[in-house]
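Engineer: Predicted structure and sequence below. I'll ask about it afterward.
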Amino acid sequence: MSQPSPTPTPARPPLMSLDDALARLTQAVRPFDVAQALQLSTFDALGRVLAADVRSLVDVPPADNSAMDGYAMRCADVPAAGTTLPVSQRVPAGVVGDPLVPGTAARIFTGAQVPLGADAVVMQEQCTAVSDATAGGSVRVDTVPRPGLAIRRRGEDVCAGSVVLPAGTRLTPQALGLAASAGAATLTVARRPRVALFSTGDELVMPGEVAPGQMKPGAIYNSNRYTLRALIQALGCECTDLGIVPDRLDATREALRRAAQQHDLIVTSGGVSVGEEDHVKPAVEAEGRLDLWQMSMKPGKPLAFGVVRRSADSAEQAQAYFIGLPGNPVSSFVTFFLVVRPVLLHLQGAIDWQVRPTPMRADFDWPRADKRREFLRVRRNATGGLDLYPNQGSGVLTSAVWGDGVVDNPAGQIIRAGDTVHYLPFAELLS
Ligand code: AMP
Ligand code: MG
């Protein structure tokens with residue numbers, strides 16, 4: 001009698017690396033057209049991405065000026081410390097003095113234009129006023145100045161006509177200041193991405209709506225809705241929160257159709273594993289196109305990427321992008337900043353969305369290497385090393401609150417205390 005042939009096990013799809021996933025995403029997602037850019041007051045542009053270069057209209061500083069309160073002079077007039085010079089004029093900031101009379105000094109203040117002929121400023125702490133130095137007196141210079149001392153040169157920060165901020169720059173407070181110093185009262189920026197968010201899972205209930213005593217067995221509070229909505233808003237995007245969608249194909253399809261209308265990106269959490277209750281995959285397939293990726297990372301293995309049609313028209317403008325995050329709270333948090341954040345910045349044309357890891361010392365052991373690249377929740381300690389949160393479970397959100405970042409640990413890598421590891425701070429990932 002012949003043996004029954006073994007039931008074939010379904011072939012597992014190969015795991016995809018995070019870098020491959022990011023490369024595919026940034027290829028598939030088209031940045032907004034420049035025609036959609038808008039002019040904003042420089043005051044209102046924090047966190048936006050520039051859609052055009054900012055060129056300076058002026059030299060900054062506009063003229064050679066003093067870096068100190070002190071005295072402007074010619075070095076040639078002070079061959080030795082202790083030389084006394086008559087004070088011929090007083091030059092406060094905002095005033096243009098006369099050319100410096102040879103053999104004299106000018107009383108000068110920080111930011112004031114250096115009088116023609118002067119080639120150094122000696123700070124007042126190194127000068128002694130002899131008689132009333134501010135009203136035609138004299139000053140003893142207690143040092144030997146070198147040419148250029150305490151002078152900020154015209155254009156040393158920015159030259160007129162040069163690009164101070166290239167298109168694709170994400171505007172920080174200091175970038176706004178630089179744009180203003182270059183004379184820009186308004187900036188051309190990409191519009192904000194419009195993101196629709198919903199959570200899937202019949203076990204989910206909302207705090208405040210269902211009291212703990214009223215929760216059915218198996219119910220849990222929806223935490224991803226809060227985390228993801230705040231992450232989207234923290235990145236300066238508009239977020240439409242569509243709440244909880246029941247684990248039913250028709251309801252999921254309906255939510256997707258609604259979400260696609262007015263939005264650039266639909267983000268969901270949960271329902272992207274391949275369990276029977278995971279309706280996100282068939283729903284997106286029915287309403288558009290979907291790739292389901294098994295990512296070689298931990299937490300955050302399943303990830304779905306696709307598009308949802310806005311109408312029967314399949315043109316690119318008639319589609320919203322779709323990213324389905326895993327349901328486990330730490331997984332969705334981590335995949336948001338590793339995957340969704342780059343996509344949101346890329347949509348706006350940002351040139352630099354990579355967060356560069358900082359080498360740091362591990363003050364912990366991680367003796368069991370994983371097959372997947374891991375993102376371990378850690379926090380910096382007082383001695384300049386990293387401590388590890390003891391429970392790295394993908395459902396343990398406490399780890400992400402206790403921690404101030406993650407260690408990006410390559411697949412198959414064990415960690416011994418004292419090893420140098422790659423640290424990614426939340427502060428950078430979430431801004
Ligand atoms: P899923 O990806 O839908 O299989 O969910 C994986 C795990 O994450 C399950 O334990 C879910 O109960 C949990 N989960 C899914 N969505 C949420 C959510 N919005 N808030 C908190 N936990 C969730
Ligand atoms: Mg689920």
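Structural biologist: Looks like it came in fine. Ligands and ions are numbered 1, 2, ... in the order given.
Engineer: can you list the residues of the stretch 101-250 of the chain near ligand 1?
Structural biologist: Residues of the stretch 101-250 of the chain found near ligand 1 (Cβ under 6 Å from any ligand atom) are Ser199, Gly201, Glu203, Leu204, Ile220, Asn222, Ser223, Asn224, Arg225. Every C-beta, even on glycine, is put in place using the N, C-alpha and C of the backbone.
Engineer: and the least confident of those?
Structural biologist: Ranked by pLDDT, these bottom out at Gly201, which scores 91.
Engineer: Give me the nearest residue to that one, chain neighbours excluded.
Structural biologist: Computed as Cβ to Cβ, 6 or more residues apart in numbering, the closest residue to Gly201 that is not its neighbour in sequence is Gly270, at 4.5 Å.
Engineer: Surely that neighbour touches Ala304?
Structural biologist: No: applying Cβ atoms under 8 Å as the test, Gly270 and Ala304 come out as separate, 10.8 Å apart.
Engineer: who touches both of those two?
Structural biologist: Val280 (Cβ atoms under 8 Å, 6 or more residues apart in numbering).
Engineer: of these two, who's got more company?
Structural biologist: Of the pair Gly270 and Ala304, Gly270 is the one with more neighbours under other Cβ atoms under 10 Å, namely 28 against 20.
Engineer: which phi and psi does that one have?
Structural biologist: Here is the backbone geometry of Gly270 (degrees, to the nearest 10): phi 90, psi 160.
Engineer: for it, what are its contacts?
Structural biologist: Counted by Cβ under 8 Å, 6+ apart, Gly270 has contacts Ser199, Thr200, Gly201, Leu204, Asn224, Val280, Leu325, Pro326, Gly327, Ser332.
Engineer: so which of the residues of the stretch 101-250 of the chain next to ligand 1 is the most crowded?
Structural biologist: Asn224 (29 neighbours).
Engineer: Please name the residues that touch that residue.
Structural biologist: The contact partners of Asn224, by Cβ under 8 Å, 6+ apart, come to Ser199, Ser269, Gly270, Leu325, Gly327, Pro329, Ser332.
Engineer: Pull the number of nearby residues for the closest residue to it other than its chain neighbours.
Structural biologist: Using Cβ to Cβ, 6+ apart and skipping residues adjacent in sequence, the residue nearest Asn224 is Ser269, 4.1 Å away. Residues lying near Ser269 (other Cβ under 10 Å) number 30.
Engineer: just Thr186 next, same as before
Structural biologist: With other Cβ under 10 Å as criterion, Thr186 counts 14.
Engineer: That one against Phe43, yeah?
Structural biologist: No: the pair Thr186 and Phe43 fails to qualify as a contact (Cβ under 8 Å) at a distance of 9.4 Å.
Engineer: so how far is ligand 1 from the residue nearest to Gly201?
Structural biologist: Gly270 is 3 Å from ligand 1, where distance means Cβ to the nearest ligand atom, to the nearest Å.
Engineer: Check Ala105 too.
Structural biologist: Applying Cβ to the nearest ligand atom to Ala105 and ligand 1 gives a distance of 71 Å.
Engineer: who's that residue bridged to?
Structural biologist: For Ala105, the beta-bridge partners are Val87 (DSSP bridges).
Engineer: residue contacts, it?
Structural biologist: Applying Cβ under 8 Å, 6+ apart, we find Ala105 in contact with Tyr71, Ala72, Met73, Asp77, Leu85, Pro86, Val87, Ser88, Ser138, Val139, Val141.
Engineer: how about 6 Å then?
Structural biologist: Contact analysis of Ala105 by Cβ atoms under 6 Å, 6 or more residues apart in numbering lists Tyr71, Met73, Leu85, Val87, Val139.
Engineer: what do you get for Phe198?
Structural biologist: By Cβ under 6 Å, 6+ apart, Phe198 lies in contact with Leu242, Val245, Ala255, Thr268.
Engineer: Over to Asp363?
Structural biologist: So Asp363 contacts Gly385, Leu386, Asp387, Ala417 (Cβ under 6 Å, 6+ apart).
Engineer: Now do the closest residue to ligand 1 within the chain: how many residues are near it, please.
Structural biologist: Using Cβ to the nearest ligand atom, the closest approach of the chain to ligand 1 is made by Gly327 at 2.5 Å. Number of residues near Gly327 (other Cβ under 10 Å) recorded here: 24.
Engineer: Secondary structure of Thr335: a helix, I assume?
Structural biologist: Yes: Thr335: assigned to a helix according to DSSP: H, G, I helix; E, B strand; the rest coil.
Engineer: Look up how far ligand 2 lies from the residue nearest to it when sequence neighbours are not counted.
Structural biologist: Closest residue to Thr335 apart from its sequence neighbours, by Cβ to Cβ, 6+ apart: Gly300 at 4.0 Å. Per Cβ to the ion, to the nearest Å, Gly300 is found 15 Å from ligand 2.
Engineer: Counting neighbours, what do you get for Gly300?
Structural biologist: By other Cβ under 10 Å, the residues close to Gly300 number 24.
Engineer: ok, now which ones touch it?
Structural biologist: Pro326, Ser331, Val334, Thr335.
Engineer: Out of the residues you listed, the closest to ligand 2 would be?
Structural biologist: Ligand 2 lies nearest to Pro326 out of these, by Cβ to the ion, at 9.3 Å.
Engineer: Can you name the residues in contact with the helix or strand bottoming out on mean pLDDT in the chain?
Structural biologist: Using mean pLDDT, DSSP states H and E, the weakest-scoring helix or strand in the chain turns out to be helix 426-429, at a mean of 89. Contact with helix 426-429 is made by Phe337, Val355, Asp404, Gly405, as judged by Cβ under 6 Å, 6+ apart.
Engineer: The closest residue to ligand 2 within the stretch 51-200 of the chain: neighbouring residues, count only.
Structural biologist: Nearest residue of the stretch 51-200 of the chain to ligand 2: Thr200, at 5.7 Å (Cβ to the ion). Neighbour count for Thr200, taken as other Cβ under 10 Å: 26.
Engineer: Done for today, thanks.
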